[in-house]
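# Here's a sequence, model it:
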Amino acid sequence: MAFADLYDIKGTDPAWTVPQDFTAVFNWEFAPERSRLLGLYERGKTMQWNATDRLDWSLELDPEDPQQLPPDALPINAAPFFQNLSRQEQMTIRRHHQAWSTSQFLHGEQGALICAAKIVQQVPDLDAKFYAATQVMDEARHVEVYKKLLEKFGLAYPMTAPLKQLLEQVLRDPRWDMTYLGMQVVIEGLALAAFARIRDQAQNPLAAAVNAYVMEDEARHVAFGRLSLRQYYPELSQAERDEREEFLVEACYLMRDRFDAVELWRHLDLPVEACLDHLHNSGALASFRTRLFSRIVPTVKDIGLWGAVARKGYAQMGVLDFANVDLEAMAENDEKVASAFDARRRHVDATIAAGA
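Okay, here's the model as predicted:
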């Protein structure tokens, strides 16, 4: 079956073209200077992995609950109208919600692939070009693994309107730092928090491992954005920094609102207003959406876009307290968790070999 046949919303366009107008920059000095970026480049080279070998694709997904997530992972789980549905109807909605979420991961990773390639062309510094080149390979691998995972679902969904809107803004903007802001800071930062929820809660070992290994790479990508931007923004005027802070706040609202999943509830013939009422008033989604910014807000502060515009926006969103999160500790933990998945896989392989 072709992947296009997995889309449950028929008529999904097979391609999306975004016209762009930006300057490709060559660097003839060939003298990278920032040791931390070069160190990140070395890590990017040595930590490449093969999705074919590192993941056990023979593992199957539960047809009713593919990732085997706890019930409250479905944001409408406690809604009265959902509780009144039959068990089979509830399981169908769970499967579709998980497929919808994983589809957004896939589409976001393809967006990251294209943005990373754009950064290689745009960014003026050679050390940043070097690392961005390793990220292109990372993102291609992430597209590969989420595509394979969705093939096991047997179901896929098109990109949500808010994600598409933000990606289009990022791709169309000719300024190289705006590509970083939209992708490395907002989309990648939010993805890390969403991936972590599945990595830590999924009982299906394949679904959990896919997200653990992707997170190991994504933590480096966010670090790349931080290292590249924190030296650049002090050079800008206050008006230029304010403009970027406004973009960040608006982008965060876009990404927050995409979890309303309006198009999913409508496609499943669920009462959309009742779904949104429960999402906005139950507190469950509010808590989840707040945690999504645990990696974005401290990054924004770290790169120096921490003026009145950003602080006011994040205060209104209720996420200002994340400003002091230890990003280095979180990245180290992501690597440790991925290593733990590797150790479990080796143990299982050794046990099977011993039995044979």
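# Output the below-cut-off pLDDT ranges for the chain.
Scanning the chain for pLDDT under 70 picks out the ranges 32, 284-285, 356.
# could you point out the longest helix in it?
The longest helix of the chain (DSSP state H) is helix 87-122.
# how about that helix: buried residues?
Neighbour-count burial for helix 87-122, counted by 16 or more other CB atoms under 10 Å, picks out 90, 93-120, 122. C-beta here means a position set from N, CA and C on the backbone, and glycine is covered the same way.
# cool, and stretch 289-305?
Going by 16+ other CB under 10 Å, stretch 289-305 has these buried residues: 289-290, 292-305.
# Greatest separation within these: which pair is it?
Within the buried residues of stretch 289-305, Arg289 and Gly304 form the most distant pair, 25.6 Å apart (CB to CB).
# How about Arg256, nearest residue that isn't a chain neighbour?
Of all residues not flanking Arg256 in the chain, Arg289 sits nearest, at 5.1 Å (CB to CB, 6 or more residues apart in numbering).
# Give me the three-state assignment for the one you found.
Secondary structure state of Arg289, per DSSP: H, G, I helix; E, B strand; the rest coil, is helix.
# and it, how far is that from Asn211?
Computed with CB to CB, to the nearest Å, the distance linking Arg289 and Asn211 is 18 Å.
# and what of Gln231?
On the measure of CB to CB, Gln231 and Asn211 end up 31 Å apart.
# same deal with Gly11?
On the measure of CB to CB, Gly11 and Asn211 end up 30 Å apart.
# Looking at those two, which is more packed in?
Between Gly11 and Asn211, counting by other CB atoms under 10 Å, Asn211 is the more crowded of the two (31 against 6).
# residue ranges for the helices of the stretch 101-250 of the chain, please.
Along the stretch 101-250 of the chain, the segments classed as helices by DSSP state H, counting those that start in this stretch run 126-153, 161-172, 176-179, 188-201, 205-229, 238-257.
# Can you show me the CA trace of the shortest one as CSV?
Only the C-alpha atoms of helix 176-179 are listed here, as CSV (Å, rounded to 0.1, in the frame of the first residue of the first chain):
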residue,chain,number,x,y,z
TRP,A,176,18.6,33.3,8.4
ASP,A,177,18.0,33.8,12.1
MET,A,178,14.2,33.6,11.6
THR,A,179,14.6,30.1,10.3
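# re earlier: which other helices and strands contact the longest helix of the chain?
helix 126-153, helix 161-172, helix 176-179, helix 188-201, helix 262-267 (3 or more CB pairs under 8 Å, 6 or more residues apart in numbering; DSSP states H and E).
# So for the last one, what gets flagged as buried?
The one in question is helix 262-267. Buried, per 16+ other CB under 10 Å, within helix 262-267: Val262, Glu263, Leu264, Trp265.
# How far off centre is it?
For helix 262-267, the separation from the chain centroid amounts to 21 Å (computed by CA atoms, centre = their mean, to the nearest Å).
# ditto for the shortest one
Relative to its parent chain, helix 176-179 has a centroid offset of 18 Å by CA atoms, centre = their mean.
# Next: the longest one.
Its chain's C-alpha centre lies 12 Å from the corresponding centre of helix 126-153 when counted by CA atoms, centre = their mean.
# got the angle between it and helix 87-122?
Put simply, helix 126-153 runs at 160 degrees to helix 87-122, going by axes from the mean of the first three to the mean of the last three CA atoms, to 10 degrees.
# Helix 126-153: which residues count as buried?
126-136, 138-143, 145-150, 152-153.
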